[in-house]
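In: This is a predicted model, with the sequence first.
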Amino acid sequence: MIRVFASRLRLGRSPSFPGLAPRRALIILSGLALILLAGSCGGSGGGGGNPPPPPTSTVTITPKTATLSTGATQQFSATISGTTDQTVSWRVNGTPGGDLSHGFISQGAVYIAPVTVPNPSVVSVTAVSFADPTKSGTARVTIQARSGVSVAITGSGAPVTVPTYGSYAFTATVTGTANTAVTWQVNGVTGGSATTGTISSLGLYSAPHSVPVSTAPNNDGQTTDVVVTAVSQADPAAADSAIVLIAPPQQAHFNAPVPLGTSGGNGKDTSTVGGKTFCCGGTLGSLVSRGGKFYILSNTHIEARSDAASLGDPVVQPSLVENNCAINGTLTAANLSQFFNLETDPVPNVDAAIAEIDPGAVDPEGTILQLGAVNNGDQPTDGTPNPGPGVPPTVGRNVVKSGSATGLTCAPILAINATINVQYQKGCNSGTTFTVNFVNQVDIPGVGFSAEGDSGSLIVTQDTADPVGLLYGGSDSDTVANPVADVLAQLADKTTGEKPLFAGNAAVGPHPVAACTLPQPVPVAARSLLLGNSAVTAEALQTAAAARDSRATELLARPEVLAVGVGPSYDNPGEAALLVFVTRGQPLSKVPAQIGGVRTRIVAVDPAEKLGSLSAASSAALEETAAPPQIVYAIPESEADRATAIHAARAADWMNRPGVQGVGVTSSVDAPGEAALMIFVIRGEPHDAIPPVIDGLRTRVRETSRFRAR
């Protein structure tokens, strides 16, 4: 298995809707009538027998009916009962993705009405359940002609493909009014955003640096498209839209010698279940050497089909997903040589495999796309990792990866030494599921750092390009990786004990990954990422206020403390905290991690005089003068050691508690510079109350979907 456990299917290429080539698992129904794609995958179904029958389910679409003028849009969503898997594929009048006559629908379920009224004028929008493809729900959309002002933009007739870091010039034609000005939006946001791309007042769309990743229940964890809209300024009800597909170069077909960080996988990674054919793939991560030979390093679930492959199997570029499930037209880059068996090999568990390269098939220096030390204007260049054994991960260190789903992405390490349960599936979107317990893992935050299909990517440090982790899984907000030291140890030669080493250009040596320095569009505020949609209740704020009142005099007696207030905790969103405002830059004495059972949060500000006790509103106003919080802070080695010792003593207990899927070492956001014990809980599942402090160490709570292989 791999994929995020048979659930990650989504609309892909079809003859009637070309260009949609999202991720990992491709399903072909009879005659290529329908193609759906899911996250990365591996396995042929061996070991699991036939998959269990699909659960009884019903699909409900919201809204059920709509009336739209030509060129207008409608956001749909689907809810599937009887299964936790909410993944669906969308069709318009039975055509995946729609067509010019009846309108298109994006991967994010935004329906775009055609520019002329079809005959008949009522079209159907259908969502098909992946968990049970016999179940679907349908909405009816009535299309009516616009009178007066109308808008038409270039690209509205079919999806437009724009490469990452690229641009596309849209134009809009407005009729029915002398005012031809329009307002440009991306996914409904005027001017766009960092994650979806930006658009100028003249219609120049600039793609994001990596492919957007969806958080919607119907395709979370998968890459997604965006919708560009021109809205008439004379009549805001008049608009036209186009679907934009963001395409990274990592998905392309390459001639020999192929670079790494590109699409690839086992050439036999297909399965047929119930008359449906599935194929899967991921990323060919990097080149390693051992015993005078060179190998492609990726995951077991990518190169070795989740333990089901045979040594000698072809490893191809691109993966079968990018080639309509056909091995003809791909390049055999290597042959499977060794893999860690996810279910039987001894701990520490890694999801790693190597395949010996075919002579001349792979770049001999191990060049990885967009990993270069310099940029060519506003475009990244290719480069190699720093050769050798790699380096250990540390909290807060900035890292980067090049993968076939999202392209090149940059982020800090959030947690290390994490114990994490990850779900797999035998077979390519078929067979039984199983769970692997990993220890000593690396966690990286951010919805967009990876998506299904990035499995196998090498993660390197941003400042030196040193290998640090091998990406293999994630949730709807996090990415998990094996530390490279464990990967190389488990892939040592069975006879000699020689470990592989990462290949690279020794003459270049350590170098920064310059692509991470290219300016992004407007960044997303860290505070909103930390708090999400969690709101602190009035009751919780009252409890924090009581703690404030009981200790305010004592805290304010400290010379560096300016005020004491109340507000949200960043270490556990949804909980209240006692806010201790201190003078920026002054030495800080130890602030208790909790007072009266309430977490404390330290905020550095500039006022020169004491401000006393503050209400929640006054606390929020004063906090606006502070530097925005970070997702993660670097911590001293002594703090990391302290947290590691407590993790060793407590992780097993917490991993056995309901709703907990991981425990790691991270930094506190409430108290920058202090370590914290990270508790990963499964969103929507009940779990024990997590105390503010365990053995004197602050705790931090991260709620995500279940970790699954990508």
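Out: That came in fine, so what should we check first? As the structure is a computational prediction, the values presented were derived from the model and not from experiment. Numbers count the residues shown, from 1 in each chain.
In: Could you verify that Q250 is part of a strand?
Out: No - Q250 is assigned helix when assessed by DSSP: H, G, I helix; E, B strand; the rest coil, not a strand.
In: Just the pLDDT for the nearest residue to it once chain neighbours are set aside.
Out: Leaving aside its chain neighbours, Q250 sits nearest to S404 (4.4 Å; criterion: C-beta to C-beta, 6 or more residues apart in numbering). Heads up, the C-betas are built off the backbone N, CA and C, glycines and all. On the pLDDT scale, S404 is placed at 97.
In: tally of neighbours for S404?
Out: 37 (other C-beta atoms under 10 Å).
In: The longest strand along the chain: which residues count as buried?
Out: When the chain is parsed with DSSP state E, its longest strand is strand 433-445. The neighbour-count check on strand 433-445 (16 or more other C-beta atoms under 10 Å) flags T433, F434, V436, F438, V439, N440, Q441, V442, D443, I444, P445 as buried.
In: what element comes up after that strand heading to the C-terminus?
Out: Going down the chain from strand 433-445, the next helix or strand is strand 458-461, by DSSP states H and E.
In: what pairs with that following strand, and is each one parallel or antiparallel?
Out: Looking at strand 458-461 with DSSP bridges, its partner strands are strand 398-403 (antiparallel), strand 467-474 (antiparallel).
In: chain center to it, what's the gap?
Out: 16 Å (C-alpha atoms, centre = their mean, to the nearest Å).
In: Give me the contacts around that strand.
Out: 260-261, 285-286, 297, 368, 371, 385-386, 391, 397-402, 442, 444, 466-471, 481, 502, 513 (C-beta atoms under 8 Å, 6 or more residues apart in numbering).
In: Dump that strand to CSV, keeping only the CA atoms.
Out: Output in CSV follows, covering the C-alpha atoms of strand 458-461 (Å, rounded to 0.1, in the frame of the first residue of the first chain):
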residue,chain,number,x,y,z
LEU,A,458,15.1,13.8,0.3
ILE,A,459,14.9,16.6,2.9
VAL,A,460,18.1,18.7,3.2
THR,A,461,19.1,21.7,5.3
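In: before we move on, back to that, reformat the strands paired with strand 458-461 as a markdown table; add mean neighbour count and distance to G509.
Out: Below are the strands paired with strand 458-461 laid out as a markdown table (neighbours: other C-beta atoms under 10 Å; distance: least, C-beta to C-beta, whole Å):
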| stretch | mean neighbour count | distance to G509 |
| --- | --- | --- |
| strand 398-403 | 28 | 17 |
| strand 467-474 | 30 | 13 |
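In: Including distance to W184, could the ones you listed go into JSON lines?
Out: Listed next are the strands paired with strand 458-461 as JSON lines, based on distance: least, C-beta to C-beta, whole Å:
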{"stretch": "strand 398-403", "distance to W184": "30"}
{"stretch": "strand 467-474", "distance to W184": "33"}
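In: Looking at the ones you listed, which is nearest to D240?
Out: For the strands paired with strand 458-461, the distance to D240 is smallest for strand 398-403, at 33.7 Å, taking C-beta to C-beta.
In: The helix or strand following that closest one pairs with which strands?
Out: Counting by DSSP H and E, the next helix or strand C-terminal to strand 398-403 is strand 407-412. Its sheet considered, strand 407-412 pairs with strand 398-403 (antiparallel) by DSSP bridges.
In: Just want the angle from the strand it pairs with to strand 433-445.
Out: Here strand 398-403 runs at an angle of 130 degrees relative to strand 433-445 (axes from the mean of the first three to the mean of the last three C-alpha atoms, to 10 degrees).
In: Please work out which residues outside strand 398-403 touch it.
Out: So strand 398-403 is contacted by 250, 260-261, 283, 368-371, 393, 408-413, 444, 449-450, 453-463, 468-469, 471, 513, 515-516 (C-beta under 8 Å, 6+ apart).
In: From those residues, list the buried ones, please.
Out: Using 16+ other C-beta under 10 Å, the buried members of those are 250, 260-261, 283, 368-371, 393, 408-413, 444, 449-450, 453-462, 468-469, 471, 513, 515-516.
In: which ones are touching the residue nearest to Q250?
Out: Per C-beta under 8 Å, 6+ apart, neighbours of S404: 248, 250-251, 261-264, 281-283, 318-319, 453-454, 457.
In: Kindly recompute the last result at 6 Å.
Out: Q250, Q251, T262, S263, T283, G453 (C-beta atoms under 6 Å, 6 or more residues apart in numbering).
In: would JSON lines of those residues with pLDDT and distance to Q107 be doable?
Out: Listed next are the contacts of S404 as JSON lines, based on pLDDT from 0 to 100; distance: C-beta to C-beta, whole Å:
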{"residue": "Q250", "pLDDT": "98", "distance to Q107": "19"}
{"residue": "Q251", "pLDDT": "97", "distance to Q107": "15"}
{"residue": "T262", "pLDDT": "98", "distance to Q107": "22"}
{"residue": "S263", "pLDDT": "98", "distance to Q107": "18"}
{"residue": "T283", "pLDDT": "98", "distance to Q107": "20"}
{"residue": "G453", "pLDDT": "95", "distance to Q107": "14"}
